[in-house]
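Undergrad: would you be able to build a 3D model of this:
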Amino acid sequence: MSNRWRHDGAEAAIDPDHDGNAFSFYYPSRLDIAGFDCEDLRAGCPGLTGDDGYAGEYSYVSIARSPDG
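TA: This next block holds a predicted model:
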């Protein structure tokens, strides 16, 4: 239920329009979990928050290349 992927700096850096929204604009990005229901995460829904418990930049590549711990 994070807003992180709607305002992603890495996505904005490579997008031709500098749009930092990492959700698809072709298909709805839906979420229905634990009583939270959002039909379009790209557009946003009440209840999404900027506080997802992780203050840093998320990078799958750096995680995948780091030693298991």
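Undergrad: what pLDDT does the nearest residue to residue 48 once chain neighbours are set aside get?
TA: Residue nearest to residue 48 in three dimensions, not counting chain neighbours: residue 3, with 4.8 Å by C-beta to C-beta, 6 or more residues apart in numbering. The way it works is simple: take the backbone N, C-alpha and C, and place the C-beta from them, glycine included. At residue 3, the pLDDT value in this model is 72.
Undergrad: go on, residue 49?
TA: pLDDT, read off for residue 49, is 78.
Undergrad: neighbours of it, just the number please.
TA: 10 (other C-beta atoms under 10 Å).
Undergrad: the chain should start at 32 in everything you say after this.
TA: Sure thing, new numbering starts at 32, so read that last one as residue 80.
Undergrad: next up, phi/psi of it, please.
TA: Taking degrees, to the nearest 10, you get phi -130, psi 150 for the backbone angles of residue 80.
Undergrad: neighbours of residue 52, how many?
TA: 19.
Undergrad: repeat for the one 4 residues further on
TA: By other C-beta under 10 Å, 9 other residues sit near residue 56.
Undergrad: got a list of what it touches?
TA: Contacts of residue 56 were listed using C-beta atoms under 8 Å, 6 or more residues apart in numbering, and they are residue 73.
Undergrad: now the helices for this structure?
TA: Here the chain has its helices, by DSSP state H, at 40-45, 91-96.
Undergrad: perfect, I'm done here.
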